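*Asks:* Sequence plus predicted model, see below.
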Amino acid sequence: MTTPAQARERIMTAAHAKFSARGIRRVTMDDIARDIHMSKKTLYRHFAGKHDLVRQLALRGVGQRLEAVCQALDAAPTPREGFAAGFFAIQRLAKETAPEFVGDIRADYPDVWEELETVRLRIVALFARCLAQSATRGELRPGVVPEVAAGIMQVVVQHYMVPETFRGAGVDPRAAVITWFTMLSAGLFRDPPQLRLDDMDLPAS
């Protein structure tokens, strides 16, 4: 017998695939119910409506990134290595979210986007803490002020790492993360850490 948790997961998996392939605007709750052979009544028992379903999917995705970065930083032997591990966690998860899905959220669900931004800035705050710890250990280059570096990272997240960049300019999200990491690590650290990418070391300098 299917449990409520299993039913919700089934719905969310199907919805995410459908939204990513066709865009949120073009997909109805009827489409999702039909795809998984579920009645609309049962579907609405688990989600109040399309807005609720989109919100839950979006928050789960960004929540996974937050958790992955937390775990990466906590497991790293030094803040410098944690910086690389955190970026590695983000670039691995970047491929799981289609820019179209996030773009539709930013355009049509501003309240959900605000919630996503709050979590994204919490991730930036984790890296800011990492930089402060690196400064204490003497790992940063002379002249690098951790608070200024963290502020620049926040601006990049809010104004460049957004759906328009990846949809309009055709930039691959993983490529953006890797390029950003390479620039940051080479400029911030005396001994730049390396970002492991699919069993390959990507030089940071």
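*Replies:* Perfect, I can see it now. Numbering: from 1, shown residues only.
*Asks:* so residue 8 sits right up against residue 43, yeah?
*Replies:* No. Applying C-beta atoms under 8 Å as the test, residue 8 and residue 43 come out as separate, 10.2 Å apart. Glycine gets a C-beta too; all of them are placed from N, C-alpha and C.
*Asks:* neighbour-wise, which of these two wins?
*Replies:* Counted by other C-beta atoms under 10 Å, residue 8 and residue 43 do not tie: residue 43 has more neighbours, with 19 against 15.
*Asks:* residue contacts, that one?
*Replies:* Counting by C-beta atoms under 8 Å, 6 or more residues apart in numbering, residue 43 makes contact with 11, 29, 32-33.
*Asks:* any chance of those in a markdown table, plus secondary structure, distance to residue 127 and pLDDT?
*Replies:* A markdown table is the format used below for the contacts of residue 43 (DSSP: H, G, I helix; E, B strand; the rest coil; distance: C-beta to C-beta, whole Å; pLDDT from 0 to 100):
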| residue | secondary structure | distance to residue 127 | pLDDT |
| --- | --- | --- | --- |
| 11 | helix | 34 | 95 |
| 29 | helix | 38 | 95 |
| 32 | helix | 36 | 95 |
| 33 | helix | 41 | 94 |
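*Asks:* which among these gets closest to residue 145?
*Replies:* Proximity of these to residue 145 was ranked by C-beta to C-beta; the top entry is residue 11 with 47.1 Å.
*Asks:* Can you say which helix or strand has the residue nearest to residue 93 when sequence neighbours are not counted in it?
*Replies:* Setting aside the residues directly before and after it, residue 93 is nearest to residue 65 in space (C-beta to C-beta, 6 or more residues apart in numbering), at 5.3 Å. Under the criterion of DSSP states H and E, residue 65 resides in helix 50-75.
*Asks:* now for the helix or strand just after that helix, which elements pack on it?
*Replies:* As assigned by DSSP H and E, the chain's next helix or strand after helix 50-75 is helix 79-94. The criterion is 3 or more C-beta pairs under 8 Å, 6 or more residues apart in numbering; DSSP states H and E, and the helices and strands that helix 79-94 contacts are helix 50-75, helix 110-136, helix 173-188, strand 195-197.
*Asks:* at 10 Å instead, please
*Replies:* If contacts are counted by 3 or more C-beta pairs under 10 Å, 6 or more residues apart in numbering; DSSP states H and E, helix 79-94 sits against helix 50-75, helix 110-136, helix 173-188, strand 195-197, strand 200-202.
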